[in-house]
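[1] With the input below, show me the fold.
(one chain, ligands or ions: 1)
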Amino acid sequence: MKILITGGAGFIGSHLCDRLITEGHYVICVDNLGSGRLKNVKHLLTHKNFRFIKHNVIEPLQLIEGKIDQIYHLASRASPKDYQEYPVETALANSVGTDRMAKLANEKNATILFTSTSESYGEPKEHPQKESYWGNVNPVGIRSCYDESKRFGEALLMAYYREYNLNIKIVRIFNTYGPRMRKDDGRVISNFISQSIENKPITVYGDGNQTRSFCYVGDMVEGLIKMMNSKEIGPKNLGNPNERTILEVAEKIKNLTKSKSELTFLPLPEDDPTIRQPDISKARQFLSWEPEIKLEEGLKRTITWFKKNGNSV
Ligand code: UDP
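    Numbering: from 1, shown residues only. All right, here's what the predicted structure looks like:
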């Protein structure tokens with residue numbers, strides 16, 4: 001198949017490119033290299049089935065390829081630190097960018113998969129979060145450029161589905177980690193690993209009792225591909241339900257790296273959700289998907305990668 005991936009040079013996108021190339025597909029990788037990195041797909045640049053286009057999805061995209069079978073629309077900054085630095089660009093990637101990709105999918109008769117987020121549940125009043133939960137989001141808070149634009153992206157695709165019968169898929173991605181996370185992207189796993197390796201203070205925000213549920217990137221890519229090739233529209237939660245406090249994660253990473261780092265406690269950022277765990281019954285039932293990599297194993301792989309590659313930008 002001919003497959004377009006926006007955000008294809010990013011953390012999750014580049015792993016998706018690798019998988020689809022291995023499976024023999026032709027992959028067009030679109031990325032403006034805002035938070036993505038060319039080095040993530042450097043090894044693919046000379047592959048006959050791979051084409052890289054430096055492009056911002058907010059702008060119209062002209063393709064020389066006549067036929068496109070599938071579009072994975074991942075392009076957006078996803079780390080709170082990152083998207084709060086570029087709120088307008090983030091809001092537009094998920095709104096205007098999603099519109100451009102939906103139009104392209106309509107024109108090419110392609111299926112489009114949109115990667116929404118667990119953040120669409122905001123500070124959840126239901127736990128774990130099922131897809132049927134509408135969420136508790138601050139529409140004008142510092143996270144709204146991200147969570148509200150993802151929610152709008154979902155709504156826009158549903159509109160295309162209802163009006164044009166467009167083949168759409170919506171997934172809500174929960175916290176994902178693994179090799180190729182940027183050392184400086186500000187997320188908890190990349191921060192804690194690089195701080196531990198360098199024996200610098202581990203920066204726990206708040207009291208560290210807030211929870212997240214972390215999914216290894218290989219499992220996430222598998223879920224995305226299963227969803228794309230299913231009959232489902234979604235939304236479907238994709239994530240690992242193994243919920244941990246941030247303190248537990250800090251201790252685990254400290255132990256695995258045999259670090260001398262101390263924990264340091266900093267203020268909890270505004271609107272930082274206190275709990276998060278996906279209910280993945282639907283993904284299990286309709287996609288036969290379930291994460292396989294345990295946190296300890298995934299962290300070991302990520303730590304090994306960071307030791308070797310973490311410092312190169
Ligand atoms: N966090 C932390 N220290 C850090 C980075 C993040 O304690 O150096 C916390 C953050 O406050 C949040 C959780 O870890 O409660 C996950 O943060 P992240 O930015 O990775 O993703 P989020 O789930 O908030 O989008």
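[2] C-alpha from now on. contacts and neighbour counts both.
    Noted.
[3] State the phi and psi torsions of residue 11.
    phi -60, psi -60 (degrees, to the nearest 10).
[4] Wait, it touches residue 180, no?
    Yes: the criterion here is C-alpha atoms under 8 Å, and residue 11 meets it with residue 180 at 5.4 Å.
[5] Mutual contacts of the two, please.
    Residues touching both residue 11 and residue 180 by C-alpha atoms under 8 Å, 6 or more residues apart in numbering: residue 40.
[6] Which parts of the stretch 151-300 of the chain are helices?
    188-197, 217-228, 246-256, 281-287, 295-309 (DSSP state H, counting those that start in this stretch).
[7] quick one: the third one to helix 188-197, angle?
    Compare the direction of helix 246-256 with that of helix 188-197 by axes from the mean of the first three to the mean of the last three C-alpha atoms, to 10 degrees and you get 40 degrees.
[8] Not counting its own residues, what contacts helix 246-256?
    192-193, 196, 202, 204, 207-212, 260-261, 263, 296, 299-300.
[9] The ligand contacts on the protein?
    79-80, 175, 186-188, 191, 203-205, 210, 246, 268-269, 272 (C-alpha under 6 Å from any ligand atom).
[10] Using ChimeraX, define a selection of the buried residues within those.
    ChimeraX command restricting those to the buried ones, with burial defined by 16 or more other C-alpha atoms under 10 Å:
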select :79,80,175,187,188,191,203,204,205,210,246,272
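[11] Can you classify residue 124 as helix, strand or coil?
    The three-state label given to residue 124 by DSSP: H, G, I helix; E, B strand; the rest coil is coil.
[12] Touching, it and residue 276? I think so.
    Yes: counting by C-alpha under 8 Å, residue 124 touches residue 276, with 7.3 Å between them.
[13] Those two - which one has more neighbours?
    residue 276 (27 against 21; other C-alpha atoms under 10 Å).
[14] In contact with residue 301, which residues?
    Listed by C-alpha under 8 Å, 6+ apart, the contact partners of residue 301 are 178-179.
[15] any idea of the pLDDT on it?
    Per-residue confidence (pLDDT) for residue 301: 98.
[16] what about it, distance to the ligand?
    18 Å (C-alpha to the nearest ligand atom, to the nearest Å).
[17] and what of residue 99?
    Taking C-alpha to the nearest ligand atom as the measure, residue 99 falls 24 Å from the ligand.
[18] Output the helices of the stretch 151-300 of the chain as a markdown table; include the columns distance to residue 171.
    As requested, those are arranged in a markdown table below (distance: least, C-alpha to C-alpha, whole Å):
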| stretch | distance to residue 171 |
| --- | --- |
| helix 188-197 | 22 |
| helix 217-228 | 8 |
| helix 246-256 | 25 |
| helix 281-287 | 10 |
| helix 295-309 | 22 |
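[19] Thanks a lot, see you next time.
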